[in-house]
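[1] following is a predicted model, sequence given first.
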Amino acid sequence: MIFRARYIEILRNFIDKPLIKVITGIRRSGKSTVLNLLKEELLQRGVKEQQIIAVNFESFAFSELTDNQKLYAYVQEKIQLTDRYYLILDEIQEVQAWEKAVNAFLVDFNVDVYLTGSNSHLLSSELATHVAGRYVQIPVYTLSYAEYLDFTKHYAPQKLIDKANSFQDYLIKGGFPVIHTTNYDEETAYRVVYDIYSSVILRDTVQRYKIRDLELLERIIKYAFDNVGNTFSGKNVADFFKNQQRKIDINTVYNYLNALEGAYILHRVSRYDIKGKEILKTQEKFYVGDVSLLYATMGFRSRMISGILENIVFLELKRRGFQVYIGKLDTKEIDFVAERQGEKIYVQVAYKLESEQTIEREFGTLLSIDDQYPKYVVTMDSLWKDSIEGVKHLYISDFLLTEL
């Protein structure tokens, strides 16, 4: 089991705090592993094994705990001392009306509660109803490039030939942890990812949101995947289908996009007016929960490389705890404006700086921003290392490993 330090560091700050810790993320992103690491941390702190009540609701061993009353009875039977107990409940959404049981645990017992789930809307809406103000959400993402290197060193060290080859492998196979626990070839890796994708679509989208038109859902997913890195809205999607002689209600499009966000298939990124310092309501972008989802469903398309690189950078900024926006400066666009606790960085992402025009576009946009926050141009040019007037140029793998 590889130590995923970033998440444990976050959790350490909340151990024994009077908040429910809600760990969320797409299926197979490593939430269960984070819980196992948390259990090890508790044991190292002197917590006794019998004080930790861990339940994985996807395990057949706990298949009878289908509703809140059965879950409450199970936990009640385990708590036999006045000592503090630690409840670790994995994929809690599998339990009917689970939020009522969790609220009762807080009222009736001396417990510290940790939950995981694979649907953000389901968890946040139900927690807000019953335990408003008493929970903190901790998102878990698929492997960062740094974590990919850790996995590869442990499971397949022969793959770490040089920087370019290592990043190429990460670019092509994505970040689902299971892919990097052995040396899968591309075809097998994509089959595994497609199975993950199918499970997410069925269990965290279709079933959770009671979606009936599966064919329409798949077409909306394909449209979103095909437009990674491009601005679009629900109206764009509806217009696209209208041109294909298929009438579709715009509210249905937004409902389906919302369901895909809830399951972490898609991430919505709003546009931010840098001069006006306000978030705009139009021309947003969507990025996928992991780039391997694109390849598993559509194949690798070299023409999409710029959007794919943007997607990788976007996920890295989110892992680092940034709020991420698309920047608007008059008629110019900045790929990412990222804010975190009073800090701010600007990032432009491009495939290659192949001409003076490209260099002027990528650097000039950042140079026109009149502040002193860090600015980066990130590309796959490994030899071109010049910075211009304080705007740093970094090869993408170097950026992914840089402390921000």
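    Arrived safely.
[2] wait, Tyr351 touches Arg303, no?
    No. Between Tyr351 and Arg303 there is no contact under CB atoms under 8 Å: 10.4 Å. For glycine as for every other residue, the C-beta is placed from the backbone atoms N, C-alpha and C.
[3] looking at those two, which one has more neighbours?
    Using other CB atoms under 10 Å as the criterion, Tyr351 and Arg303 rank with Tyr351 on top: 17 against 6.
[4] so where does the more buried one fall, helix or strand?
    Using DSSP states H and E, Tyr351 sits in no helix or strand.
[5] so what's it scoring on pLDDT?
    We have a pLDDT of 95 for Tyr351.
[6] quick one: residues contacting it.
    Ile305, Ser306, Leu309, Thr379, Met380 (CB atoms under 8 Å, 6 or more residues apart in numbering).
[7] so which residues of the stretch 1-150 of the chain form strands?
    20-24, 52-56, 85-90, 111-117, 135-139 (DSSP state E, counting those that start in this stretch).
[8] need those in JSON lines (columns: distance to Gln245 and mean pLDDT).
    Below are these laid out as JSON lines (distance: least, CB to CB, whole Å; pLDDT from 0 to 100):
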{"stretch": "strand 20-24", "distance to Gln245": "39", "mean pLDDT": "94"}
{"stretch": "strand 52-56", "distance to Gln245": "47", "mean pLDDT": "97"}
{"stretch": "strand 85-90", "distance to Gln245": "46", "mean pLDDT": "97"}
{"stretch": "strand 111-117", "distance to Gln245": "39", "mean pLDDT": "95"}
{"stretch": "strand 135-139", "distance to Gln245": "40", "mean pLDDT": "92"}
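[9] which of these sits closest to Arg203?
    Comparing these by their distance to Arg203 (CB to CB), the top pick is strand 111-117, with 11.5 Å.
[10] partners of the closest one, with directions?
    Each strand paired with strand 111-117, and its direction, by DSSP bridges: strand 20-24 (parallel), strand 85-90 (parallel).
[11] what helix or strand is Gln357 on?
    Going by DSSP H and E, Gln357 is in helix 356-367.
[12] and the helix or strand of the chain with the lowest mean pLDDT, which residues are buried?
    When each helix and strand of the chain is scored by mean pLDDT, DSSP states H and E, helix 120-130 comes last, with a mean of 72. Neighbour counts over helix 120-130 (16 or more other CB atoms under 10 Å) mark Ser120, Leu122, Leu123, Ser124, Glu126, Leu127, His130 as buried.
[13] likewise for stretch 233-240?
    Ser233, Gly234, Val237, Ala238, Phe240.
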